[in-house]
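**Student:** Can you look at this prediction? I've put the sequence above it.
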Amino acid sequence: MRDACLFHSLHEEIQVPNDSDRRAIIRFNSRDDFNRWLRLRDTLIPALPRLAYVQPLPMIHAFACPLSCAGQLASFPSVLSVEEDCKTAVVHGLPEFRRSSTIKLSGDHPYIPWGVSHIKAPLTWNRTTGDRVRVAVIDTGIDYNHPDLQHAIENGINLIHRHALPVDDNGHGTHIAGTIAASARQTGIAGVAPQASIHPVKAFDENGTAYVSDIIYGIYWCLRNRIDVVNMSFGMKHHSRALEDAVRTAYYSGMIIVASSGNDGRTSRIDYPARFPHTLSVGATNKKGQIASFSNKSKYIDIYAPGEKIVSTWLRGEYQELSGTSMATSHVSGVVALLLSANRKLTPRKIKSILRRNASRIASKRLVSSETGELNAYRSVKSAL
């Protein structure tokens, strides 16, 4: 009876989407509590139609829903916590999106961007190309018609419009996907792992913003679809216990999550989710092999990779040059795909160790930790083999 009362109270507090930006994540003490609530919600929807807006998050035994206020929800015995469902961004005014006009490629052969060459990825392609490795890009979607990506695109999900394809209406996700797995036949660009599969998970809207709950559901989708690598080229300043628990669950299932450290040029602090210990956290370097001026620097960063003036795929079949730790992260995801294609027995912990141990020396005096180096695909793949 008390659970039914809670749902009646919840129904009164739920705001119809677009009426309010306020959302909450309601977590339960156990899987049994969550399943009991889920069954009760389904029973009550005909009488309480706003409960249809309550989104289950099975991975962390939680619901996400639009709320005017949390009310007395946290006082119910089966409720563990009520957390604000905050927004995060892939853009947020970062240097990577201060872009000029699209790039025009010339020549009658594939173009290898400087970052792909710098980490020595082409030297590994006679041994591994990322074949049969499934990489999810939780981002703004993907350009399904881009000629350099059509070979790589596999099933995905659109968490903004659930019944639509995860089509990119921003550009960021397409750029990330290109660095990971672009493959040009004659003209176009080559990515780090040109035979890897890309699974677009559109959690971010056209403005490059997403709710934490949609990112969590995206991770859950990846888990159910046996994704090997998850690229998270976004960041937020605040800690989310719900997101951390989702990342931890994915890690212990064997999934490798690669996350960008942020573009604030700060020392000793990095963004979430890169700050979670169960991610591969990435900083950015420039063409000189130095830490990029915009990149955060910290002992929490596992590896640095090329992130300045990176050319990759863009909307409408075009190409764009962007800078940011987002771009560095996609290089690392590509190398992880190369490693897994070469050796499927590698665990997330082992992959992190291989990348760190075989990294190149950073040509910078501003390095926070002498143990952190720059991504080296050739040495890492050689070690994995």
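**Tutor:** Structure received. Remember, it's a predicted structure, so these values are computed and weren't measured experimentally.

**Student:** Please enumerate the strands of the stretch 151-300 of the chain.
**Tutor:** Counting by DSSP state E, counting those that start in this stretch, the stretch 151-300 of the chain has strands at residues 157-158, 197-202, 209-211, 229-232, 256-260, 280-285.

**Student:** which stretches of the stretch 51-200 of the chain have low pLDDT?
**Tutor:** Counting by pLDDT under 70, the ranges of the stretch 51-200 of the chain that qualify are 68-72, 74, 91-101, 106-108.

**Student:** mind listing the helices for it?
**Tutor:** 114-118, 172-181 (DSSP state H, counting those that start in this stretch).

**Student:** And the last one, what does it pack against?
**Tutor:** Read it as helix 172-181. If you count contacts as 3 or more C-beta pairs under 8 Å, 6 or more residues apart in numbering; DSSP states H and E, helix 172-181 packs onto strand 134-139, strand 197-202, strand 310-313, helix 325-342. (Glycine included, C-beta is placed from N, CA and C.)

**Student:** Ok, which of the ones you listed comes nearest Ser293?
**Tutor:** Nearest of the helices and strands packed on helix 172-181 to Ser293, taken as C-beta to C-beta: helix 325-342 at 11.9 Å.

**Student:** Now render the strands of the stretch 151-300 of the chain as CSV, adding distance to Ala182 and mean neighbour count.
**Tutor:** Listed next are those as CSV, based on distance: least, C-beta to C-beta, whole Å; neighbours: other C-beta atoms under 10 Å:
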stretch, distance to Ala182, mean neighbour count
strand 157-158, 22, 18
strand 197-202, 9, 27
strand 209-211, 24, 22
strand 229-232, 14, 30
strand 256-260, 17, 30
strand 280-285, 19, 30
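
**Student:** mind saving the C-alpha coords of whichever strand or helix holds Ala4 as PDB?
**Tutor:** For Ala4, the host element (DSSP states H and E) is helix 2-13. C-alpha atoms of helix 2-13 as PDB (Å, rounded to 0.1, in the frame of the first residue of the first chain):
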ATOM      1  CA  ARG A   2       2.800   2.400   0.900                       C
ATOM      2  CA  ASP A   3       4.500   1.800  -2.500                       C
ATOM      3  CA  ALA A   4       1.200   2.700  -4.300                       C
ATOM      4  CA  CYS A   5       1.000   5.900  -2.200                       C
ATOM      5  CA  LEU A   6       4.500   6.800  -3.300                       C
ATOM      6  CA  PHE A   7       3.500   6.400  -7.000                       C
ATOM      7  CA  HIS A   8       0.500   8.600  -6.500                       C
ATOM      8  CA  SER A   9       2.800  11.200  -4.900                       C
ATOM      9  CA  LEU A  10       5.300  10.800  -7.800                       C
ATOM     10  CA  HIS A  11       2.500  11.200 -10.300                       C
ATOM     11  CA  GLU A  12       1.600  14.500  -8.900                       C
ATOM     12  CA  GLU A  13       5.200  15.800  -9.000                       C
END
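
**Student:** what's downstream of that helix, the next helix or strand?
**Tutor:** Going down the chain from helix 2-13, the next helix or strand is strand 23-28, by DSSP H and E.

**Student:** Next, the angle from that next one to helix 2-13.
**Tutor:** Interaxial angle, strand 23-28 versus helix 2-13 (axes from the mean of the first three to the mean of the last three C-alpha atoms, to 10 degrees): 180 degrees.

**Student:** Strand 23-28 packs against which elements?
**Tutor:** Using 3+ C-beta pairs under 8 Å, 6+ apart: strand 23-28 touches strand 62-66, strand 79-84, helix 212-224.

**Student:** hmm, try it at 10 Å
**Tutor:** The helices and strands touching strand 23-28, judged by 3 or more C-beta pairs under 10 Å, 6 or more residues apart in numbering; DSSP states H and E, are helix 2-13, helix 31-44, strand 55-57, strand 62-66, strand 79-84, helix 212-224, helix 241-252.

**Student:** Of all those, which one is nearest Val311?
**Tutor:** Of all the helices and strands packed on strand 23-28, helix 212-224 comes closest under C-beta to C-beta, at 26.8 Å.

**Student:** circling back: reformat the helices and strands packed on helix 172-181 as TSV; add distance to Ile354.
**Tutor:** TSV is the format used below for the helices and strands packed on helix 172-181 (distance: least, C-beta to C-beta, whole Å):
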stretch	distance to Ile354
strand 134-139	17
strand 197-202	22
strand 310-313	23
helix 325-342	7
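
**Student:** Tell me which of the ones you listed lies nearest to Ala181.
**Tutor:** Nearest to Ala181 among the helices and strands packed on helix 172-181 is strand 197-202 (5.3 Å), distances taken as C-beta to C-beta.
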